[in-house]
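Engineer: One predicted model, sequence on top.
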Amino acid sequence: MRSLFGAIRNKALKYGTNGFLFLLDGVFVNAATILTTGAFISGIFVYLKAPDSIVGIVNTANVWATAFALASCFIFNKVKNTKRFLILSSIVARTMICSIVILPHIFGFGATTVGIAAFLVIGGNIVWSVYAVGANIWLMATIPREDRSTFVYLRSLWLRISFALTSIVMGFVLDAFGDRLAGFTLVFALSFVFSISDILVLLKIPYTCGKAKGVNTMNPSLLVAPFRDRVYRNYLIFTFVYYMSIYASASFTSLYLIKYMGFSYKYISIATVLCHVLMIVSIVFWKGMERKNGAVFVLRWSAVVMGLEQFAYGFLFQGNFVVPFIAAFFAGIGSGGFNIIIFSYRYSIMPENNATNYETWFMVIHGLGIIAGPIVGNILRPVLAGVLGGTAMLSEFQAMYFIASAAAFAAVLIFFGKRTKRTKKLRSNVC
């Protein structure tokens, strides 16, 4: 184990001590996040007997809350010590989310507990969305431009390993608890421990970006610049449409598997681990594809493969234990490229001296797309239920999966059917 850690450290130190620390940051923060998202967050709300609509909202709060990142433009223009602000934001956000497990011990079960828990999860993720803008720029400003793509792939590799190990272990642990509340308490407590570990790592990384270099994020021309930039504007529109399509069905997947299909946390964790293992394996493949065919090629085809996850779930019936693994296969392979390229591609097309506003607007549009997803899903599912008329051949959930995947494929075809090239010169100073 010591030799393995040494090999990882030596590989990361190619990007300097700060690069190694950001690798550790990725491992800790993603281990913390996986324990308060997906089946774990859905599970505790199902356990609290929350309505399906609430479960769908909180299950995706970590992604749709980025719509509130627009506040970053105002906040980062005012704060004097950006690093201290980011550290405090991380502490507040993670404390709010992890503390929901305490509520049933205090208030018992009922609407009050569900309401407070939903408020804390949503509020914590809104605070996190502001933190994420600054944290992403902090990371990219620390790594030299010529090393960013390879570093992002390396960091993604190890955070996927962190995801996989944490998810499988805690899935088995949670199922082992006869007292489900005690199990959730352990899961969320461990998430908070990982969060504090991440803070200790970040405290060691210097912050030399943002206002320290004289960037005025509130300059009106800089604030709206992303929408005057044709390439970035198209990227933003694609982001909105694609994520709205995916999350119209994906936001209800954990609910569907736990409540309606009756799958255990152990089974869901195994499928999740398969997904993350395939993410890890496919990183090498997509990295080679990017080197050979370019970033747009990877973005296009990884988005298509990732969309096949929703298509596969359209074939899920009660007692069918194969479909979730097929869906996990497509999700793992697709996400292995898409989650990296959607990040590195936008940093290749944004002017670096206005990165704060460009990154903020991505977060906003990304979040709005994911907010719109479950809203669209909640509107369409009852309509589909009426049209299907209770037929045993297809449920409204399955129909929604087919519609969502078709819309996602259409978005890829419309916006990335042709190769997109950047014609502007990129400028220096990421801030």
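Structural biologist: Looks like it arrived, so ask away.

Engineer: And what about Ala399, helix, strand or coil?
Structural biologist: helix (DSSP: H, G, I helix; E, B strand; the rest coil).

Engineer: So it is in contact with Leu388, correct?
Structural biologist: Yes - if you go by CB atoms under 8 Å, Ala399 and Leu388 touch, sitting 6.6 Å apart. Glycine gets a C-beta too; all of them are placed from N, C-alpha and C.

Engineer: neighbour count winner among the two?
Structural biologist: When neighbours are counted by other CB atoms under 10 Å, Ala399 comes out ahead of the other of Ala399 and Leu388, with 19 against 15.

Engineer: Now that one: closest residue in space, sequence neighbours ignored.
Structural biologist: Leaving out its chain neighbours, the residue that sits closest to Ala399 by CB to CB, 6 or more residues apart in numbering is Leu384, at 4.6 Å.

Engineer: which intervals of the stretch 1-150 of the chain have sub-threshold pLDDT?
Structural biologist: The stretch 1-150 of the chain contains residues with pLDDT under 70 at 1-15, 73.

Engineer: Please repeat the previous calculation with a cut-off of 80.
Structural biologist: In the predicted model of the stretch 1-150 of the chain, residues 1-16, 38-39, 52-53, 56, 59-60, 63-64, 66-74, 76-80, 140-141, 143-150 satisfy pLDDT under 80.

Engineer: the helices in it, which residues?
Structural biologist: Under the criterion DSSP state H, counting those that start in this stretch, helices of the stretch 1-150 of the chain are mapped to 2-12, 16-34, 38-47, 52-59, 61-64, 71-78, 82-98, 103-107, 111-142, 148-176.

Engineer: what's the closest of the ones you listed to Ala408?
Structural biologist: helix 61-64 (15.2 Å; CB to CB).

Engineer: Take the closest one, keep the C-alpha atoms, and write them as CSV.
Structural biologist: Provided in CSV are the C-alpha atoms of helix 61-64 (Å, rounded to 0.1, in the frame of the first residue of the first chain):
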residue,chain,number,x,y,z
ALA,A,61,-29.9,19.2,-5.7
ASN,A,62,-26.1,18.8,-5.9
VAL,A,63,-26.2,19.5,-9.6
TRP,A,64,-29.2,21.8,-10.2
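
Engineer: Distance of Ile97 relative to Ala407?
Structural biologist: 30 Å (CB to CB, to the nearest Å).

Engineer: Give the closest residue to the residue nearest the centre of the chain in space, chain neighbours not counted.
Structural biologist: Residue closest to the average C-alpha location in the chain (CA atoms, centre = their mean): Val63, at 5.6 Å. Distances taken as CB to CB, 6+ apart put Ile370 closest to Val63, at 4.6 Å, once the chain neighbours are dropped.
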